[in-house]
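**Q** after the sequence you'll find the predicted model.
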Amino acid sequence: MPVAFVLINAEVGKTGEILKELRGIEGIVEAYSVAGPYDIIAKLQADKFEKVAEGVTKKLHKIGGIKNTVTLFAFG
């Protein structure tokens, strides 16, 4: 099953709101605030690679308060 991890930088004070929205999006199976160079990590999973990519480009990127993302597709 295709999986992607998305590393997210949030605007100051927006992490909680972003996490709440992420957890309501179909295909996002886990989302956490983290310490380090990124504020949030989200795990997306779907039955097809295209659905994972669509979750990132059409759903996740529409959430307000996200400054930038790095998407890591998992293989193996």
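**A** Perfect, I can see it now.
**Q** for the longest helix anywhere in the chain, packing partners?
**A** Secondary structure assigned by DSSP state H gives helix 15-22 as the longest helix of the chain. On a contact count with 3 or more Cβ pairs under 8 Å, 6 or more residues apart in numbering; DSSP states H and E, helix 15-22 meets strand 28-33, strand 40-45. All C-beta spots, glycine's among them, are computed from the backbone N, C-alpha and C.
**Q** out of those, which is closest to A10?
**A** Across the helices and strands packed on helix 15-22, A10 has its closest neighbour in strand 40-45 (6.1 Å, Cβ to Cβ).
**Q** what are the pairing partners of the closest one, and which direction each?
**A** strand 3-10 (antiparallel), strand 28-33 (antiparallel) (DSSP bridges).
**Q** can I get those strands in TSV including mean neighbour count and distance to K67?
**A** Below are the strands paired with strand 40-45 laid out as TSV (neighbours: other Cβ atoms under 10 Å; distance: least, Cβ to Cβ, whole Å):
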stretch	mean neighbour count	distance to K67
strand 3-10	19	4
strand 28-33	15	15
